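*Asks:* can you look at this prediction? I've put the sequence above it.
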Amino acid sequence: MKKILAALLAAIMLLGMAACGGNDSNGEVALKVGAILVGDETEGYTLAHMNGIEAAVKKLKSEGKTVEIEYKKKVPEDASVETNSNQLIANGCKVIITNSYGHQFNFGSVIESNPDVIFVAMTGDLAAASNLANYKNAFTKVYESRYVSGIIAGLKLKSLIDSGELTAEKYPNSFDGDNIKIGYVGAFNYAEVVSGYTAFYLGIKSIVENITMTVKYTNSWFSEEREAAVGEYLMNQGCVIIGQHADSTGAPAAIQKAFSNGTNKMCYSVGYNVSMLDVAEDVVLTSASNNWDVYYYELFSAIINGEAVPTDWAKGYDDNAVACTDLGKACAEGTKEAVDNAIKAIKDGSIKVFDTSKFTVNNEHLTSYTGAYGMNNAETIKTENGVTFFDESSLRSAPYFDIRIDGITEEASDYDQE
């Protein structure tokens, strides 16, 4: 019996080590990290975070530094955040990461009570104002890859026009006067989503000028059912391209289904977070994505080396922190070259995503904007090398572009908030 109990205890210990990532060859752990996640591997946004964390851990291991990870998955944006934080701290975690915007409102007193633990709220926007040295925010400049994904969509749209496949005579429902209809599946009407859909729209508009876009909300970050329903709705409205800031494959799967059964041959999808080609190979063009390993490697390395962690972190193409996933077979000829050129232009500054000469608000170009939510009347419009633009994610990591520009219409969700 003692042998059986000993074997069981050994197995339990091994399982516990595996869940945290294991020790290095010297049996020393450089850092233990707790990750509080709104979803799990089945949800694209969380999967992207997990992939980034694991890639950073692997890279550090190759450098002889072991980082243990303890995951808390499917944690809602409520008091569960504080409960899970306390559990992770009790388990020895010196870094607590949360990956959803609403998590930041539910830490309770745990940050103040644990000054020796670093807390990082992804997409959060409260760290700087808190004046707590152990509280940090981080997000990527994903608006850059949103813009590039819009270029990809715009090139597809242009090819459909140039080939004569898309005309008002053949597809009258896809036109609003002279403008071609675009759609977007949005989670919530937060600045994070507004910034992303505007960048996507401007990317398309840089290729095809005469477009309008309808954004319809789901009131959920992740709901395959809702996203599919909104995707179908936008498709039935005649939208030729449908983008998304929603975390499932619901919308592209619905568009693919319609393509396969022949009910709609003039609608294409741009996803988010991860490639969605495996569920919609005929209609997916690409997905705008984040390379989270860039941040996690910097974060873990800094803490291990005793270096300062920035209160607000935001990086984009300059640091390979954002990308577009593999191009689908439906993409137009020459798309890869156009993508490479656009990325180069973003890096050298010749493209500013929110160049104010490229859009209007109430038929006027912006010269000043101090009304961004949570920015305490900070000026967000900047002029550099003769170009005036909205300076996104430089004053704070979380997106603060919350301007509703001409050409885009928002429709409220048909669902209660989830």
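*Replies:* In hand now; what should we look at? Please read all numbers here as calculations on a predicted model, not as lab measurements.
*Asks:* dig out what residue 242 forms beta bridges with.
*Replies:* residue 183, residue 269 (DSSP bridges).
*Asks:* cool, residue 136 as well?
*Replies:* Going by DSSP bridges, residue 136 forms beta bridges with residue 120.
*Asks:* tell me which element residue 286 is part of?
*Replies:* strand 284-290 (DSSP states H and E).
*Asks:* average pLDDT across the helix or strand just after that strand?
*Replies:* For strand 284-290, the following helix or strand on the C-terminal side (DSSP H and E) is helix 292-304. For helix 292-304, the mean pLDDT works out to 98.
*Asks:* mind listing what's buried in helix 292-304?
*Replies:* 292, 293, 294, 295, 296, 297, 298, 299, 300, 301, 303, 304 (16 or more other C-beta atoms under 10 Å). All C-beta atoms are positioned from the backbone trio N, CA, C, and that covers glycine.
*Asks:* residue 143: neighbouring residues, count only.
*Replies:* Counted with other C-beta atoms under 10 Å, residues neighbouring residue 143 total 28.
*Asks:* same question, residue 37
*Replies:* 25.
*Asks:* repeat that for residue 332.
*Replies:* 20.
*Asks:* for residue 147, same thing?
*Replies:* 30.
*Asks:* what about it, which helix or strand?
*Replies:* Counting by DSSP H and E, residue 147 is part of helix 142-162.
*Asks:* so what strands line up beside the following helix or strand past that helix?
*Replies:* Sequence order places strand 175-176 as the next helix or strand after helix 142-162, per DSSP H and E. Paired with strand 175-176 in the same sheet, following DSSP bridges, are strand 179-186 (antiparallel).
*Asks:* got the angle for the helix or strand just after the strand it pairs with vs strand 284-290?
*Replies:* Proceeding N to C from strand 179-186, the next assigned helix or strand is helix 191-205, under DSSP H and E. Interaxial angle of helix 191-205 relative to strand 284-290 (axes from the mean of the first three to the mean of the last three C-alpha atoms, to 10 degrees): 140 degrees.
*Asks:* who are the packing partners of helix 191-205?
*Replies:* Applying 3 or more C-beta pairs under 8 Å, 6 or more residues apart in numbering; DSSP states H and E, one finds that helix 191-205 makes contact with helix 142-162, strand 179-186, strand 211-217, strand 241-245, strand 408-411.
*Asks:* so which of these is the most surrounded?
*Replies:* strand 241-245 (a mean of 31; mean count of other C-beta atoms under 10 Å).
*Asks:* next up, the contacts around residue 205.
*Replies:* 150, 154, 211, 358, 359, 407 (C-beta atoms under 8 Å, 6 or more residues apart in numbering).
*Asks:* for those residues, which one is nearest residue 330?
*Replies:* Closest approach between the contacts of residue 205 and residue 330, by C-beta to C-beta: residue 154, at 13.7 Å.
*Asks:* need the helices for the stretch 301-418 of the chain, in chain order.
*Replies:* 335-348 (DSSP state H, counting those that start in this stretch).
*Asks:* oh, I was asking about the stretch 1-150 of the chain
*Replies:* 2-20, 44-62, 80-90, 110-113, 127-130, 142-162.
*Asks:* and these, which one averages the lowest pLDDT?
*Replies:* Taking the mean pLDDT of those, helix 2-20 comes last: a mean of 36.
*Asks:* just for this protein, where's the confidence low?
*Replies:* Scanning the chain for pLDDT under 70 picks out 1-27.
*Asks:* any idea which of the helices of the stretch 1-150 of the chain is most buried?
*Replies:* helix 142-162 (a mean of 25).
*Asks:* what would that helix look like as CSV? C-alpha coordinates only.
*Replies:* What follows is helix 142-162, C-alpha atoms only, in CSV (Å, rounded to 0.1, in the frame of the first residue of the first chain):
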residue,chain,number,x,y,z
VAL,A,142,-2.7,45.7,-34.0
TYR,A,143,-4.3,48.6,-35.9
GLU,A,144,-1.3,48.4,-38.2
SER,A,145,-2.1,44.8,-39.2
ARG,A,146,-5.8,45.7,-39.4
TYR,A,147,-4.8,48.3,-41.9
VAL,A,148,-2.7,45.8,-43.9
SER,A,149,-5.5,43.2,-43.8
GLY,A,150,-7.7,46.0,-45.2
ILE,A,151,-5.3,46.4,-48.1
ILE,A,152,-5.5,42.7,-48.7
ALA,A,153,-9.3,42.9,-48.8
GLY,A,154,-9.2,46.1,-51.0
LEU,A,155,-7.0,44.3,-53.6
LYS,A,156,-9.6,41.5,-53.7
LEU,A,157,-12.4,44.0,-54.1
LYS,A,158,-10.5,45.8,-56.9
SER,A,159,-9.8,42.5,-58.7
LEU,A,160,-13.6,41.7,-58.6
ILE,A,161,-14.4,45.1,-60.0
ASP,A,162,-11.6,45.1,-62.7
